[in-house]
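J.: I would like to see how this sequence folds:
(one chain, ligands or ions: 1)
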Amino acid sequence: MIILACDHAGFKLKEEIKAFFNSENISAIDVGCYSNDTVDYPDLAHAGVERVLENPQNVGIFICGTGIGMSMVANRNPKIRAALCTSKQTAVLARKHNDANVLVLGGRHTSKRKAIKMIKLFLTTDFERGRHQQRINKF
Ligand code: RB5
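T.: This next block holds a predicted model:
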């Protein structure tokens, strides 16, 4: 399952991503927030992390203004590997090399078009294991 979480600065992009998922019949759980009203991103990051960790198959898409705050909070959980991605290449490598289970986007710095391209790649790219697993074991 895909878990969506955002703060007010990521709300618009999250809604655009949800519309894309709906058009493709892709299911996602939205843990909020649900409006442009100001919220504290750690609350939404914690809510997202909780749902991601319910099933090892789950992946998160977390969005705040820069993506930095969501990344910092999510990565405090040792089972989360949250990657703030800014390009198609970083979205692919976050999966191939880092086995990222959360894609983090900066809502104020990422267009809908680019976000959807990154999401498609993130969701369809496999972890390469091997030396990359050895490195993850050292986290
Ligand atoms: C909210 O203004 C902003 O600080 C937040 O969305 C995020 O960018 C924090 O890292």
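
J.: what are the ranges of the helices in the protein?
T.: 11-23, 41-52, 68-74, 88-96, 112-124, 131-136 (DSSP state H).

J.: export those helices as CSV, with columns for distance to the ligand, mean neighbour count and mean pLDDT.
T.: No exception for glycine: its C-beta is placed from N, CA and C like everyone else's. Formatted as CSV, the helices of the chain follow (distance: least, C-beta to the nearest ligand atom, whole Å; neighbours: other C-beta atoms under 10 Å; pLDDT from 0 to 100):
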stretch, distance to the ligand, mean neighbour count, mean pLDDT
helix 11-23, 10, 17, 98
helix 41-52, 5, 22, 98
helix 68-74, 3, 22, 98
helix 88-96, 18, 18, 98
helix 112-124, 15, 17, 98
helix 131-136, 25, 12, 98
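
J.: closest to L4 out of those helices?
T.: Proximity to L4, assessed across the helices of the chain by C-beta to C-beta, is greatest for helix 11-23 (5.6 Å).

J.: dump the helices of the chain into JSON lines; add distance to D30 as well.
T.: JSON lines is the format used below for the helices of the chain (distance: least, C-beta to C-beta, whole Å):
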{"stretch": "helix 11-23", "distance to D30": "6"}
{"stretch": "helix 41-52", "distance to D30": "10"}
{"stretch": "helix 68-74", "distance to D30": "15"}
{"stretch": "helix 88-96", "distance to D30": "21"}
{"stretch": "helix 112-124", "distance to D30": "14"}
{"stretch": "helix 131-136", "distance to D30": "28"}
